[in-house]
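Peer 1: here are the coordinates; sequence isn't available:
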């Protein structure tokens, strides 16, 4: 799977892997589906999600997805 991302956000805010997780969250994938797609554990997906929410100062993943689209994180 290829995801085009705005490199500015990878360098300054969140990692490339976190953007991959975020993209799949925005598509409505469950943590298990994300884990299976990216070949990582469900716990790792949950950790990435939690870390992104914390880094960006949001309360939940919904706010994170809204921010990603608003800021055009996905190119």
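Peer 2: Yes, it's here. Everything quoted here is computed from the prediction, not taken from an experiment. Residues are numbered from 1 along each chain as shown.

Peer 1: what's the spacing between residue 30 and residue 21?
Peer 2: Taking C-beta to C-beta, to the nearest Å as the measure, residue 30 and residue 21 are separated by 12 Å. Every residue, glycine included, has its C-beta placed from N, CA and C.

Peer 1: what strand or helix carries the residue lying closest to residue 29 once chain neighbours are set aside?
Peer 2: Counting by C-beta to C-beta, 6 or more residues apart in numbering, residue 37 is the residue found nearest to residue 29 once chain neighbours are left out, at 6.9 Å. Element membership for residue 37 (DSSP states H and E) is helix 31-38.

Peer 1: list the helices and strands that helix packs on?
Peer 2: Counting contacts by 3 or more C-beta pairs under 8 Å, 6 or more residues apart in numbering; DSSP states H and E, helix 31-38 packs against helix 16-26, helix 42-56.

Peer 1: so which bits of the helix or strand just after the longest one are buried?
Peer 2: Following helix 42-56 in sequence order, the next helix or strand is helix 61-70 (DSSP H and E). By 16 or more other C-beta atoms under 10 Å, the buried positions in helix 61-70 come out as 61, 64, 65, 67, 68.

Peer 1: tabulate the residues you listed (JSON lines), appending distance to residue 44 and pLDDT.
Peer 2: As requested, these are exported to JSON lines (distance: C-beta to C-beta, whole Å; pLDDT from 0 to 100):
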{"residue": "61", "distance to residue 44": "15", "pLDDT": "92"}
{"residue": "64", "distance to residue 44": "17", "pLDDT": "91"}
{"residue": "65", "distance to residue 44": "19", "pLDDT": "92"}
{"residue": "67", "distance to residue 44": "22", "pLDDT": "89"}
{"residue": "68", "distance to residue 44": "19", "pLDDT": "88"}
